[in-house]
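Peer 1: no sequence for this one, just the structure:
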């Protein structure tokens, strides 16, 4: 831990804090550093009026877990985007099938109405087609 001497005046302490914040902001805005790159320079705090910078060491198992989690999250995101594309394609196919079937049903209804009108015009009756039923009974065994 690096400690500045306790004999630093208040204006110097404020200057150090301002310099630290300014350097941090400039580095972040210049896209040279991210917050993760600054893990070694964490928690600037005051301790009995002294500005302290603590170096933070991250255990190796935590770093490995973070890398593994990042990899798994990337794979999960890729999988979700692929599934989303598949669902979008399925919705498009379902929509085209729905319009096709709706047209087919409308055409069948129109054909029945046209057949009834033609039969009435000719002086006949039109009987709609009914489902064919076969009644089968087994007599032996």
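Peer 2: Good, I have the coordinates. Please read all numbers here as calculations on a predicted model, not as lab measurements. Numbers count the residues shown, from 1 in each chain.

Peer 1: neighbours around residue 112, how many?
Peer 2: 13 (other C-beta atoms under 10 Å). Quick note: C-beta positions are derived from backbone N, CA and C, even for glycine.

Peer 1: mind listing the helices for this protein?
Peer 2: Along the chain, counting by DSSP state H, helices occupy 10-29, 60-121.

Peer 1: which one of those is the most hemmed in?
Peer 2: helix 10-29 (a mean of 12; mean count of other C-beta atoms under 10 Å).

Peer 1: quick one on the thing from earlier: ok, of the helices of the chain, where does mean pLDDT dip lowest?
Peer 2: Set side by side, the helices of the chain give their lowest mean pLDDT on helix 10-29, at a mean of 54.

Peer 1: So if we follow the domain assignment, how does the protein break up?
Peer 2: Split into domains by automatic domain parsing, the chain comes to 2-54, 59-121.

Peer 1: follow-up on the earlier one: out of the helices of the chain, nearest to residue 133?
Peer 2: helix 60-121 (20.3 Å; C-beta to C-beta).

Peer 1: on that earlier part again, mind putting the helices of the chain into CSV with distance to residue 141?
Peer 2: Listed next are the helices of the chain as CSV, based on distance: least, C-beta to C-beta, whole Å:
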stretch, distance to residue 141
helix 10-29, 88
helix 60-121, 42
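
Peer 1: Report the separation between residue 130 and residue 58.
Peer 2: For residue 130, the distance to residue 58 (C-beta to C-beta, to the nearest Å) stands at 78 Å.

Peer 1: Neighbour count: the two, which is higher?
Peer 2: residue 58 (11 against 6).

Peer 1: What average pLDDT does stretch 133-141 get?
Peer 2: Rounded mean pLDDT across stretch 133-141 is 86.

Peer 1: How far does it stretch from one end to the other?
Peer 2: 24 Å (C-alpha to C-alpha, to the nearest Å).

Peer 1: all numbers from here: first residue = 70
Peer 2: Sure thing, new numbering starts at 70, so read that last one as stretch 202-210.

Peer 1: If you count neighbours, what's buried in that stretch?
Peer 2: For stretch 202-210, burial by neighbour count (16 or more other C-beta atoms under 10 Å) applies to no residue.

Peer 1: which residues sit against it?
Peer 2: Stretch 202-210 is contacted from outside by no residue at all, using C-beta atoms under 8 Å, 6 or more residues apart in numbering.

Peer 1: Before I go, just wanted to say thanks for your time.
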